[in-house]
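> next comes the sequence, and after it the predicted model I'd like to discuss.
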Amino acid sequence: MSEHTSIYREKEFIYKNYRCVINFRNLGFRTGYVEIPVDHPLYGVDGDNLDIDCHGGITWANEELPGNTEGEGDSWWIGFDCAHYADGEDLETAKKYFADDESSMRMIELKLDMRRQFPISYDEHIWTIEEVENELKHVVDQLIEEKEGKERWHE
């Protein structure tokens, strides 16, 4: 685990030459990120101005990747989180990943205690690594379409 004890890097992969990262947060949910290359027309564009279809919309657009302890150079990351209404908290996985972090464990135990006292009355969905990976691939496919469309327009 990095110095950022609230974030655990679950997976990194390359899809169609785009770097993708899945983080797990100590609050019990996953986040997914795609690195946008410098030569892409959406490089540096604020998340509010991105028309990318993904779970909950783009909630991160920044030159830094959450959980990194060192700079990424000329990187621009966009991402989404799985902490929206009806998204579940995977607190058992959080306990596994953050067992050595006293502060995280106190918070996780508090959340578990609250769940016992006040059960959720609606169906929740806990996003798996595989589901977040598929959503990231969907984001990359849209980024490729955007870049190819801009290149065709400028020809």
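Nice, thanks for sending it over.
> secondary structure class for residue 147?
State at residue 147, reduced to three classes by DSSP: H, G, I helix; E, B strand; the rest coil: helix.
> in this structure it contacts residue 40, no?
Yes: using C-beta atoms under 8 Å, residue 147 is in contact with residue 40, at 5.5 Å. In this view, the C-beta of every residue, glycine as well, is placed from N, C-alpha and C.
> ok, and the closest non-adjacent residue to residue 38?
Closest residue to residue 38 apart from its sequence neighbours, by C-beta to C-beta, 6 or more residues apart in numbering: residue 74 at 5.1 Å.
> I figured the one you found hits residue 40, correct?
No: using C-beta under 8 Å, residue 74 makes no contact with residue 40, being 11.5 Å away.
> quick one, which of these two is more surrounded?
Of the pair residue 74 and residue 40, residue 40 is the one with more neighbours under other C-beta atoms under 10 Å, namely 17 against 10.
> give the helix, strand or coil label for the more buried one.
Using three-state DSSP, the structure places residue 40 in coil.
> can you tell me how far it is from residue 149?
12 Å (C-beta to C-beta, to the nearest Å).
> swap in residue 48?
Counting by C-beta to C-beta, the gap from residue 48 to residue 149 is 21 Å.
> now swap in residue 139 and tell me
The gap separating residue 139 from residue 149 is 16 Å, by C-beta to C-beta.
> more neighbours, these two?
Comparing residue 139 with residue 149 by other C-beta under 10 Å, the one with more neighbours is residue 139, at 25 against 11.
> for the helix or strand encompassing that one, what is the average pLDDT?
Using DSSP states H and E, residue 139 sits in helix 129-154. Mean pLDDT, computed over helix 129-154, is 87.
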